[in-house]
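1. Sequence first, predicted model second:
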Amino acid sequence: MAQVSDELIPTRATLIQRLKDWQDQSSWQDFFDTYWNLIYGVAVKGGLTPSEAQDVVQETMIAVAKHMPDFKYDPSIGSFKGWLLNMTRWRITDQVRKRGPFIADPSSSSDTATGTATVERVVDPASLHLDEIWENEWAKNLLDAANANVKRRVDPQKYRIFDFYVNKEWPPEKVAARFQISVDQVYLAKHRITEMIKAEVARMEKKMS
């Protein structure tokens, strides 16, 4: 079983260095756990089927592994985020090519509810649209990781107050009654934890960009 990392998104340069060791299964598990959902989400929103997206995840991980022994990370040349996007982009392109020119998703009808065939909904991997999808998915995964990191550090009840108010969208009066506190305490918990999450996102973004 992989060791639990101090951060849900490990320090980029540190993790990359560890990945150069093929035998470091814990670090490779960290890398997979950190990025598989990002890669999968981008592939699906780029127009691939779930099965194709799973192949993109697997093939991207294999490609990263092949590049690691000779990989030299230099932030002055490009970001790790951009490099991983390119690795994913090429794998998405491969999946589109495997379909052939007229092969649609066999698990669904030829047309969607909007009347657009599956093949026609695939985003051109070379387009700026895929870059936008990647940025959105990156931000979502970063926020989820920051949220989880903060959750581990704060008082469980205070986080539950935040969760009921912000995520479950309970009215503040209902949250206050549920936890037998004042409405002002609900607002305070929301403010403090929101600021902690913002700070955590900024910290991880600085390390991972």
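-> Sure thing, it's come through. Numbering: from 1, shown residues only.
2. which residues sit in contact with residue 170?
-> Going by C-beta atoms under 8 Å, 6 or more residues apart in numbering, residue 170 touches 164, 178. For every residue, glycine as well, the C-beta is placed using N, CA and C.
3. distance of it from residue 183?
-> 12 Å (C-beta to C-beta, to the nearest Å).
4. same deal with residue 33?
-> On the measure of C-beta to C-beta, residue 33 and residue 183 end up 39 Å apart.
5. Then residue 98?
-> 57 Å.
6. Where does the prediction get shaky in the chain?
-> 1-13, 73, 75-76, 101-121, 126, 128, 207-209 (pLDDT under 70).
7. Would you state the helices of it in chain order?
-> 12-19, 25-45, 50-67, 80-99, 128-153, 156-162, 172-179, 183-208 (DSSP state H).
8. just checking, which of the ones you listed sits deepest inside the structure?
-> helix 25-45 (a mean of 19; mean count of other C-beta atoms under 10 Å).
9. and the angle from that helix to helix 80-99?
-> Interaxial angle, helix 25-45 versus helix 80-99 (axes from the mean of the first three to the mean of the last three C-alpha atoms, to 10 degrees): 60 degrees.
10. Send me helix 25-45 as PDB with only the CA atoms.
-> Below are the C-alpha coordinates for helix 25-45, written out as PDB (Å, rounded to 0.1, in the frame of the first residue of the first chain):
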ATOM      1  CA  GLN A  25       6.300   2.100  -6.100                       C
ATOM      2  CA  SER A  26       5.000   4.500  -3.400                       C
ATOM      3  CA  SER A  27       6.000   7.500  -5.500                       C
ATOM      4  CA  TRP A  28       4.400   6.100  -8.600                       C
ATOM      5  CA  GLN A  29       1.200   5.400  -6.700                       C
ATOM      6  CA  ASP A  30       1.300   9.000  -5.400                       C
ATOM      7  CA  PHE A  31       1.600  10.200  -9.000                       C
ATOM      8  CA  PHE A  32      -1.200   8.100 -10.200                       C
ATOM      9  CA  ASP A  33      -3.500   9.000  -7.300                       C
ATOM     10  CA  THR A  34      -2.700  12.700  -7.900                       C
ATOM     11  CA  TYR A  35      -3.200  12.900 -11.700                       C
ATOM     12  CA  TRP A  36      -5.400  10.100 -13.000                       C
ATOM     13  CA  ASN A  37      -8.700  11.800 -12.300                       C
ATOM     14  CA  LEU A  38      -7.400  15.000 -13.900                       C
ATOM     15  CA  ILE A  39      -6.300  13.100 -17.100                       C
ATOM     16  CA  TYR A  40      -9.500  11.100 -17.200                       C
ATOM     17  CA  GLY A  41     -11.800  14.200 -16.800                       C
ATOM     18  CA  VAL A  42     -10.000  16.000 -19.500                       C
ATOM     19  CA  ALA A  43     -10.300  13.100 -21.900                       C
ATOM     20  CA  VAL A  44     -14.000  12.600 -21.200                       C
ATOM     21  CA  LYS A  45     -14.800  16.300 -21.600                       C
END
